[in-house]
Structure formats: C-alpha cells, structure tokens
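K.L.:
Generate a structure from the sequence data that follows.
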Amino acid sequence: MTLYPLKFEPILKERIWGGTKLKSYLNKPITSEITGESWEISTVENDVSIVANGKFKGKSLNELIADYPMEILGTKVYQAFGKQFPLLFKYLDAREDLSIQLHPNDELAKKRHNSFGKTEMWYVMQADAAAKLIIGFKEKSSPEEYTLHLNNKTLPDILDIKKVQKGDVFLLETGTIHAIGAGNVIAEIQQTSDITYRVYDFDRVDANGNKRELHNDLALEAINYDTVEAQRIYLKTENVANEMVYCQYFTTNFIPLNGNMKVQKNQDSFTVYMCVDDSFELSFDGITYSYQKGDTVLVPASLTDFQLNGKASILEIYIS
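P.N.:
A predicted model of the protein is given here:
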C-alpha cells in the first residue's frame, strides 16, 4: 500500500487562558471563546489523532503505525521507540498568561508516571505588542529561595521574563520553569507526554470559582535552578532547511520557501511540516497536496523524494 502525506483532524482543547485566534489566525474549527490548544499530531492516550485525508481517512495514527511501523516512523525511529510515535505537535493561543510550570525529565517521568519526559520548543507565530514569555530564573536560584518566593506569591520576581516577537525560537529542556504570556500564538513541538507540574497560577479561578490544581511537591525535585540559554538564533536562507533546534529528541529546521525546493530523505525518520505562514504545495508521484498557514502534515519515512513549491514559512521536524 502506497503511503502519502497525512493530515489529521485537530484535537481542540478549551483552556482557562485560551481565546479565539486559533480560528481567526489559523482557521481551526473552534466553537468556544476559550480554545487554547490545537493538537495537530498526537498519540497521547485518549487524544490519538485521526487521519483527515485520503484513503486512510478516519483511521487513527496508532492503527496506521501498527500496520506500517517502519514505513511511517522510519527505521531509526522504529528501532528506538518501537511502535510509539515519539513527538506531539500543537498550536497554542494564549489570550491570558498560562500558569508557571515545568516538566520532569525522562528518568523522573518514567519513575513517577510511566511516561516520557517533556523537552519542548516554541516558535512564536504571532505576538501582540506587549507579549512576553517566562523562561528560567534571572539568576541561579535554590529550592529555598524558590520556595520562599512561591509562598510569598512573588515567584515572577525571580524569573527571566522575555519580550518576544514573531519568529523567536526557544528550546525548553526538562526542568526549566516557564510560562507562555498573554498575546502569543505558538507552534509547539515536544516529546509525547502530557506531564506538567503547575506551580503558580496567579490565584485565578475557573467559571465555577475553583482554583486549578498545583503540583509543588512534585516540582521541587524536578526544577533546574540554574539559569538557561533557551533562545535559538537561526539563519533564514530561502529554499534551504536552516537548522533552528537540534537535540536528542528532535531536529527542527526553518524553511523560508520562495519557489521550488527539492527534498530528498533517507528512511531513518518521518518528517513533519508545520506551515507557520502563507501556503505551499507538496508534490510526489505526480500528485500535489496543498497546505496553508496552520496546517500540519506528516510525511511518512517511506516517502524519500518530493518537492515543495510556493511562498511560505515552514517548520521541518524529524528525529536525527
């Protein structure tokens, strides 16, 4: 059976901090005023992506991987992860500040939750004039200093708050305390994990007057109290895959497409394209597929020669 570029139905998540930009900016079919996330490709339990196009429409990603593990995942990925899809792709709309949070590393996540850890990266797709991100501590901290500020509700005072703009990129390694601030639309690439330790939520309450659960006891051992250099500077050479992020979990390149670009891959890994601006086409075997801003496509590892065409800003993600 010949595989083809796969699109999936977005899995839309209401969040207390969400808004409506996923519809107005990315054309997602949201139906509420507080939609915070669109999970584009996921095999998280109870949130497994369903194919939206072609002959496999209606099948789950897990079903396809079960039937075609090497062809979809790639030889190297299959060797490392078996039939598990190791990454999760999202778009986020922060109408309000997200909670201050962090994620455990692989070792802690395995021990406590039988899960992967959660290294992730952010690409800022759109940022309002005052948009900010919190990433790590201003200066090296300690459990004692952190706990003091947490108890005094002054935790933001010791955190590194960064003003951001469209195109900024950050790699958040596990243990890094962080928060997405209001006014950001973010493309997020991460390990397949939904383990988050929320430590500070600005004392806000939901529609029923309830505060969200915090995970301060779990977080203490998981936090990296050192300062971090999370921002990544990258080239923007047209029709070239410019490396943004390289880590053991994924590689992400930036492609400023302007015209035609031939792509040749080996069969080590699947490739995912996230269209973060404008539109493009992907062609192989005489068939053309069209994508626009907000679309995410999974190119199975068995597709090794294809062409990109158009004018677009694209994130290209695979496992090295």
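
K.L.:
what number of residues lie near residue 161?
P.N.:
A count of nearby residues for residue 161, using other Cβ atoms under 10 Å, gives 13. In short, each C-beta sits where N, CA and C put it, glycine included.

K.L.:
which residues sit in contact with it?
P.N.:
132, 133, 134, 181 (Cβ atoms under 8 Å, 6 or more residues apart in numbering).

K.L.:
Give the pairing partners of the helix or strand containing it; include direction for each.
P.N.:
Element membership for residue 161 (DSSP states H and E) is strand 159-163. Partner strands for strand 159-163, per DSSP bridges, with pairing direction: strand 132-137 (antiparallel).

K.L.:
what's the partner strand in contact with?
P.N.:
Contacts of strand 132-137 (Cβ under 8 Å, 6+ apart): 100, 122, 156, 158-164, 170, 172, 176-181, 184, 224-228, 230-231.

K.L.:
one step back: name the member of the contacts of residue 161 with the most neighbours.
P.N.:
Highest count within these by other Cβ under 10 Å belongs to residue 133, 25 neighbours.

K.L.:
Check the spacing between the closest residue to residue 39 other than its chain neighbours and residue 40 real quick.
P.N.:
Spatial nearest neighbour of residue 39, excluding adjacent residues (Cβ to Cβ, 6 or more residues apart in numbering): residue 11 at 3.9 Å. Going from residue 11 to residue 40 by Cβ to Cβ, to the nearest Å gives 8 Å.

K.L.:
okay, and the common contacts of these two?
P.N.:
Common contacts of residue 11 and residue 40, defined by Cβ under 8 Å, 6+ apart, comprise residue 49.

K.L.:
Just the buried residues out of the contacts of strand 132-137, in PyMOL syntax.
P.N.:
This is how PyMOL selects the buried members of the contacts of strand 132-137, with burial counted by 16 or more other Cβ atoms under 10 Å:
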select buried, resi 100+122+158+159+160+162+164+170+172+176+177+178+179+180+181+184+224+228+230
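
K.L.:
just checking, which of the contacts of strand 132-137 belong to strands?
P.N.:
Members of the contacts of strand 132-137 lying in strands (criterion: DSSP state E): 100, 122, 159-163, 170, 172, 178-180, 184.

K.L.:
quick check, nearest of those residues to residue 205?
P.N.:
Of all these, residue 205 sits closest to residue 100, with 16.6 Å by Cβ to Cβ.

K.L.:
Tell me who's in contact with that closest one.
P.N.:
Shown in contact with residue 100 (Cβ under 8 Å, 6+ apart): 134, 155, 156, 159, 177, 178, 179, 198, 199, 200, 201.

K.L.:
Grab the nearest non-local neighbour of the first one.
P.N.:
For residue 134, ignoring the flanking residues on the chain, the nearest one in space by Cβ to Cβ, 6+ apart is residue 179 at 4.2 Å.

K.L.:
swap in the fifth one?
P.N.:
Residue nearest to residue 177 in three dimensions, not counting chain neighbours: residue 102, with 4.8 Å by Cβ to Cβ, 6+ apart.

K.L.:
before we move on, back to that, just the CA atoms of the strand holding residue 161, as PDB, please.
P.N.:
What follows is strand 159-163, C-alpha atoms only, in PDB (Å, rounded to 0.1, in the frame of the first residue of the first chain):
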ATOM      1  CA  LEU A 159      12.100  34.600  36.900                       C
ATOM      2  CA  ASP A 160      13.500  35.600  33.500                       C
ATOM      3  CA  ILE A 161      10.800  37.500  31.600                       C
ATOM      4  CA  LYS A 162      11.500  37.900  27.900                       C
ATOM      5  CA  LYS A 163       9.700  40.300  25.500                       C
END
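
K.L.:
Which positions within stretch 271-288 qualify as buried?
P.N.:
For stretch 271-288, by 16+ other Cβ under 10 Å, it's 271, 272, 273, 274, 275, 276, 277, 278, 280, 282, 284.
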